[in-house]
Each structure stands twice: as C-alpha cells, then as structure tokens.
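Enquirer: no sequence for this one, just the structure:
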C-alpha cells in the first residue's frame, strides 16, 4: 500500500516493512506483542482488542511477512468531523528508522481521503513524538494541564485554520 522501506533487525536481516490496514486475523497477535514490549505501561489485552474492534477505528500496521514492528490507532469522531490519532507504537529495535512517521502518514492519508481534521494529544515529556508530529505537519495548538504533579498534554492538530501555539522553540 505504501512504499517499501528496507529495515534491518538486530541480526542484520533486511526486512521490508509495508504499512497496511489492520486485519484482525493476521495482525492481532503481533499488535498485542508490540503493545506489551514497546510500552512502559501497556494497555490490557481487553482494552486493546476493544479499541481495535470499534467500528470507527482506523488502525495501520508496519509488517513484513507477518512480523509486526509497529502500529498506529486512530478513531473517527463523526460529529466533529475529526480523526483522533490515539497511539503510535513501534518496537524499540525499529525506532528512529521512519516506521512511526510512515504509520502517522497513513493515518493522515486516511483523514485526507475522508476530509477529516486531525487531532492528537502528546505528553509533555514525550519530545520524540512531538518532533515527529511537527515533521509530518501537525502543529501544537494548545497545552492542557491537570495538576503541577502530572505531565501536561500538548494538543497537536492538522487543520488549515488552527492557531499555532509554540510552547518552546523546536
């Protein structure tokens, strides 16, 4: 579906990751494995499967011959004509190789095909993801703080008329 990009695993084997729409029969176990291995605080299997099975959810996976290296989950909010990017998750050994960016671009293509605005929330301390969002054209439009003890959430949007808020110079 999207252009191949050669990646190497830790053993030096070339892997050609394609970005594909999620298919429960061929990708479910791989997505669950990535969720458990790549996150500090993974979602429960029940929550992950529930989210993947929602009708308005659009999920893309980065895979090579059944091996899943990452995924992106988004949800369409029909009332607000918005696509919310919920999560992007890539196995640590495949990070910083463009897989997350390609997954986000697949979500953005889905939004563009359906003429939807895009929004996502990023934790303040997650600078790598903030930089990736900026690189793909999403802009920080708001900061939401709940308490001094918690990370603030940075709201990023891809919207032609969004007012841009720059918390600091990237």
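Expert: Perfect, thanks for sending it. All of these numbers come straight from a predicted model, not from anything done at the bench. Residues are numbered from 1 along each chain as shown.

Enquirer: Tell me, domain by domain, which residues of this protein belong where.
Expert: Per automatic domain parsing, the structural domains of the chain span 5-115, 120-170.

Enquirer: Make CSV out of these and add mean pLDDT and mean neighbour count.
Expert: Using the backbone N, CA and C atoms, a C-beta is placed for each residue, glycine as well. Below are these laid out as CSV (pLDDT from 0 to 100; neighbours: other C-beta atoms under 10 Å):
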stretch, mean pLDDT, mean neighbour count
domain 5-115, 85, 16
domain 120-170, 76, 14
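
Enquirer: How is the most far-flung residue of the chain relative to its centre assigned, secondary-structure-wise?
Expert: Most distant from the centre of the chain: residue 148, at 26.8 Å, with distances by C-alpha atoms, centre = their mean. At residue 148 the chain is in coil, as set by DSSP: H, G, I helix; E, B strand; the rest coil.

Enquirer: what's the answer for residue 96, then?
Expert: coil.

Enquirer: residue ranges for the strands of the protein, please.
Expert: For the chain, the strands defined by DSSP state E occupy 5-8, 14-21, 57-64, 67-77, 82-90, 117-123, 139-144, 153-158.

Enquirer: could you dump those to a markdown table with distance to residue 132?
Expert: As requested, the strands of the chain are arranged in a markdown table below (distance: least, C-beta to C-beta, whole Å):
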| stretch | distance to residue 132 |
| --- | --- |
| strand 5-8 | 15 |
| strand 14-21 | 15 |
| strand 57-64 | 14 |
| strand 67-77 | 11 |
| strand 82-90 | 8 |
| strand 117-123 | 9 |
| strand 139-144 | 13 |
| strand 153-158 | 10 |
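
Enquirer: For the residue nearest the centre of the chain, name its beta-bridge partners.
Expert: Centroid-nearest residue in the chain, with C-alpha atoms, centre = their mean: residue 88, separated by 2.5 Å. Beta-bridge pairing of residue 88 under DSSP bridges involves residue 72.

Enquirer: Thanks again, I'm all set now.
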